[in-house]
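Here is my input; please provide its structure:
(one chain, ligands or ions: 1)
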Amino acid sequence: MQLGYFDYPVPSNEPVLSYAPGSPEKIALKKAIAGLKKKTLDIPMYINGKSVRTGKKISIHPPHEIKHTLGHYHLGGKTHVEAAITTSLKVREKWSNMSWESRAHIFLKAADLLATKYRFEMNAATMLGQSKNAYQAEIDAACELIDFLRFNVHFLTEIYKQQPVSAPGIHNRMEWRGLEGFVLAVTPFNFTAIGANLPSSAAMCGNVVVWKPSDAQIYSANLFMQILKEAGLPDGVINMVYVDGPVLGDTCFKHPHFAGVHFTGSTSVFNHMWKQIGENISNYKSYPRIVGETGGKDFVMVHPSANVETVVAALARGAFEYQGQKCSAASRAYLPSNIAGLVKEKLVQAVQSMKVGSVEDFSNFVNAVISEKSFDKIASYINKAKKDKKAKILVGGNFSKKLGYFVEPTVIETSDPKYLTMCEEIFGPVLTIYTYPATKYEKTLDLVNDTSKYALTGAIIAQDREAIELATQKLRHSAGNFYINDKPTGAVVGQQPFGGARASGTNDKAGSMLNLYRWLSARTIKETFNPPTDYKYPFLNEA
Ligand code: NAD
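As a prediction, the model looks like this:
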């Protein structure tokens, strides 16, 4: 029972530490990396708060140092997914009835633990497990994750405050219930923050969750589960299992109490899930919520009035930070003929200055791509471009998997605006550029809009205000996150709610109120203080 209206005002974004030479954070982070490298973790699944080990051990290696073993996780099967569902449903009622301040304080405490006690261990785990450099790990595993937890507490408080009006003699109220069933969270490898946010945002709303992280993110996900436990999350509210996708889908999507899926990952996996849910629709107790943030083919459109240095910085950072493995990464650029030569020259110089290597050497801007499968896929696009007449490698183009999965940052130039690498998501450090006649700006905007099935992020770089306005209008549906004179990556929770449309997902904007509404089911309650005692209305008297 709440004995007061407790408020959670808008938090500030967690400050990003610099890791400059000699800074205390740099020393602490290096120590945390060394500490983790000395250990071999034995990572269990978590079902009803218990550690579950199957003995089917899958080893975990840093993508940039594949000979080193960080630990292993225990692969589960159908029975573990079933156990996770059963246990979550058992605790659902108690959890959904827990007062908001108690639920909120678990997640606020987790945020504070991350900001202090576990900050460097979480960053180190993300650096080693997912091959992120120190800065990329800091903005993801520390800052974005802390922001998700704190901002969602604020947003949910604002939702709870939303109440209907009441006419005289009655009172109306709205209860923001959790869903009647379990929520399945299926998360990608590329952001520790997304991994943690998808199960915790649903749980915060009073839901119970089965969470399947990406195999390539289990190392940092494991630490988040331990932090939630320390923050007081009751057993069984979030259960983490490691199973093959088809086993997971087959078990969860056929369950009558499946209440929703919170997914981030590729478009093809999401489409497959949606089909499975459709096939089972008559088996469910409630219509499930289907939320998916999926792939992208993110553009940078450059106007003839653009500042060359701004373009080069946006492309260099936008395309190559975290090896181009951000769903928002710039992967196709349209340069006007008047400045294309200069932009290419400076971009090549910038890319040549980028060091590629291990995350432990802080001077490396580019690290390894996530897996051998991903490496092979990226290499096949580069090899094809080397052979195709329509494409030319401007810089980069080499790769090696001897020590780790290293791909040089690569710029392809194409004479065909619909060339393969202008259209398909590669998810690696590969940027394709196309030069358009500077007199054909408006026509090229149509080309940007029509080239890809995705609509996640995009940028316009221009000094001419009319050109900015035209691009903003013509590209209205080409991106869910649109940037003016900036790179198309780096969305901050609370500042740029994130998500795209078309084949990029359901656009439920992670890190905003819009997303939380999907995990709530409102009940309207009307109470009449002095109810009528006669069914007859005055108009029935014919006089
Ligand atoms: P992925 O689709 O390969 O995997 C995502 C998750 O789905 C993983 O946990 C995976 O194990 C699981 N999965 C795979 N097959 C499954 C199946 N048949 N049934 C159930 N689960 C299954 O994606 P990824 O490689 O981890 O991440 C990269 C992709 O994610 C890119 O396409 C990227 O654009 C996208 N992404 C999008 C956003 C966004 O906000 N739009 C953010 C991050 C990543």
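
Can you tell me, leaving aside adjacent residues, what's nearest to whichever residue of the stretch 301-450 of the chain sits closest to the ligand?
Nearest residue of the stretch 301-450 of the chain to the ligand: residue 327, at 3.2 Å (CB to the nearest ligand atom). Backbone N, C-alpha and C define where each C-beta goes, glycine included. Closest residue to residue 327 apart from its sequence neighbours, by CB to CB, 6 or more residues apart in numbering: residue 296 at 4.8 Å.

show me the contacts for that neighbour.
By CB atoms under 8 Å, 6 or more residues apart in numbering, the contact list for residue 296 reads 327, 328, 329, 331, 425, 454, 456, 457, 500, 504.

same question, residue 155
Residue 155 neighbours (CB under 8 Å, 6+ apart): 512, 513, 516.

try 6 Å
513, 516 (CB atoms under 6 Å, 6 or more residues apart in numbering).

in what helix or strand does it lie?
With secondary structure defined by DSSP states H and E, residue 155 is part of helix 145-161.

what's the spacing between that helix and its chain's center?
17 Å (CA atoms, centre = their mean, to the nearest Å).

Would you mind listing the buried residues in it?
145-157, 160 (16 or more other CB atoms under 10 Å).

Residues of the protein that sit close to the ligand?
186-191, 194, 212, 214, 245-246, 248-249, 264-266, 269, 272, 293-296, 327, 425, 427, 456, 498-500, 504-505 (CB under 6 Å from any ligand atom).

related to what we said a few turns ago, want to throw the contacts of residue 296 into TSV with distance to residue 418, secondary structure and pLDDT?
Shown next, in TSV, are those (distance: CB to CB, whole Å; DSSP: H, G, I helix; E, B strand; the rest coil; pLDDT from 0 to 100):
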residue	distance to residue 418	secondary structure	pLDDT
327	22	coil	97
328	22	coil	98
329	20	coil	98
331	14	strand	98
425	15	coil	98
454	14	strand	98
456	19	coil	98
457	20	strand	98
500	20	coil	97
504	19	coil	98
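
would JSON lines of the residues you listed with neighbour count be doable?
Shown next, in JSON lines, are the contacts of residue 296 (neighbours: other CB atoms under 10 Å):
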{"residue": "327", "neighbour count": "27"}
{"residue": "328", "neighbour count": "25"}
{"residue": "329", "neighbour count": "30"}
{"residue": "331", "neighbour count": "29"}
{"residue": "425", "neighbour count": "22"}
{"residue": "454", "neighbour count": "28"}
{"residue": "456", "neighbour count": "31"}
{"residue": "457", "neighbour count": "32"}
{"residue": "500", "neighbour count": "28"}
{"residue": "504", "neighbour count": "29"}
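
Quick one: those residues as CSV, columns for distance to residue 542 too.
Output for the contacts of residue 296, formatted as CSV (distance: CB to CB, whole Å):
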residue, distance to residue 542
327, 69
328, 70
329, 75
331, 76
425, 73
454, 67
456, 66
457, 68
500, 63
504, 64
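
still on that earlier bit, the residues of the chain next to the ligand in helices, which ones?
194, 245, 246, 248, 249, 269, 272 (DSSP state H).

and this protein, what are its domains?
Per automatic domain parsing, the structural domains of the chain span 24-164+179-294+509-517, 298-484.

Would you show me how to pick out the buried ones of the residues of the chain next to the ligand in ChimeraX?
Buried residues within the residues of the chain next to the ligand, by 16+ other CB under 10 Å, are selected in ChimeraX with:
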select :186,187,188,189,190,191,194,212,214,248,249,264,265,266,269,293,294,295,296,327,425,427,456,498,499,500,504,505
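
Need the pLDDT of residue 71.
We have a pLDDT of 98 for residue 71.

change the start of the numbering to 152 and stick with it
Renumbered: residue one is now 152, and that last one reads residue 222.

Residue 195 is in contact with that one, correct?
No. Using CB atoms under 6 Å, residue 222 makes no contact with residue 195, being 11.0 Å away.

With the flanking residues excluded, which residue is spatially nearest to whichever residue of the stretch 252-401 of the chain sits closest to the ligand?
Proximity of the stretch 252-401 of the chain to the ligand (CB to the nearest ligand atom) peaks at residue 396, 2.3 Å away. Distances taken as CB to CB, 6+ apart place residue 420 nearest to residue 396, at 6.9 Å, with adjacent residues excluded.

Likewise for residue 375?
Using CB to CB, 6+ apart, the nearest residue to residue 375 is residue 347, at 4.6 Å.

just checking, the one you found is part of a strand?
No. Residue 347 sits outside any strand when classified using DSSP: H, G, I helix; E, B strand; the rest coil, being helix.

Quick check: it vs residue 379, distance?
As judged by CB to CB, to the nearest Å, residue 347 and residue 379 stand 9 Å apart.

residues contacting the most centrally placed residue in the chain?
Nearest residue to the geometric centre of the chain (CA atoms, centre = their mean): residue 345, 4.0 Å. Residue 345 sits next to 338, 415 when contact means CB under 6 Å, 6+ apart.

For it, give me the pLDDT.
98.

swap in residue 491?
pLDDT, residue 491: 98.
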